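Enquirer: mind folding the following:
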Amino acid sequence: MLVLSDRVRDTNVLSTSLLQFTQMVDRRLSIAQQGLIEAQRHLTAGQAEDADIVLEKIDEDLHLLRCRLSREVEMVALRPSGLHESAN
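Expert: Residues are numbered from 1 along each chain as shown. Down below sits the predicted model:
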């Protein structure tokens with residue numbers, strides 16, 4: 001027998017986790033966007049070396065974000081279904 005209270009609880013946890021995850025991704029992308037703006041300013045000012053440093057940091061941040069996304073996808077794939085059978 002399907003226990004709906006377990007499903008509702010799992011759905012609420014998933015909704016909270018998804019919201020937090022989305023906020024984290026948005027923050028990381030916003031930081032990358034700010035870095036691109038900074039790199040553009042350096043290039044406009046003729047500071048190519050400074051722009052390269054900023055772009056390297058953005059590349060590293062995006063690589064870390066990509067790794068985090070991969071880990072999260074793996075965790076979700078390994079998570080059991082939200083539906084549980086009752087012993088009763």
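
Enquirer: only C-alpha atoms from now on, for both contacts and neighbour counts.
Expert: Noted.

Enquirer: pull out the buried positions in the strand or helix carrying Lys57.
Expert: Assessed by DSSP states H and E, Lys57 sits inside helix 48-78. Residues Asp50, Ala51, Val54, Leu55, Ile58, Asp61, Leu62, Leu65 are the ones in helix 48-78 that count as buried (16 or more other CA atoms under 10 Å).

Enquirer: that helix packs against which elements?
Expert: When contacts are defined as 3 or more CA pairs under 8 Å, 6 or more residues apart in numbering; DSSP states H and E, helix 48-78 packs onto helix 4-44.

Enquirer: so what's the gap between the helix it packs on and the chain middle?
Expert: Put simply, helix 4-44 sits 5 Å off its chain's centre (CA atoms, centre = their mean, to the nearest Å).

Enquirer: how about low-confidence regions in the chain?
Expert: Low-confidence segments of the chain (pLDDT under 70): 1-14, 81-88.

Enquirer: can you pull up the most central residue in it?
Expert: Nearest to the mean C-alpha position of the chain, by CA atoms, centre = their mean, lies Val25 at 3.6 Å.

Enquirer: who touches stretch 18-27?
Expert: Leu65 (CA atoms under 8 Å, 6 or more residues apart in numbering).
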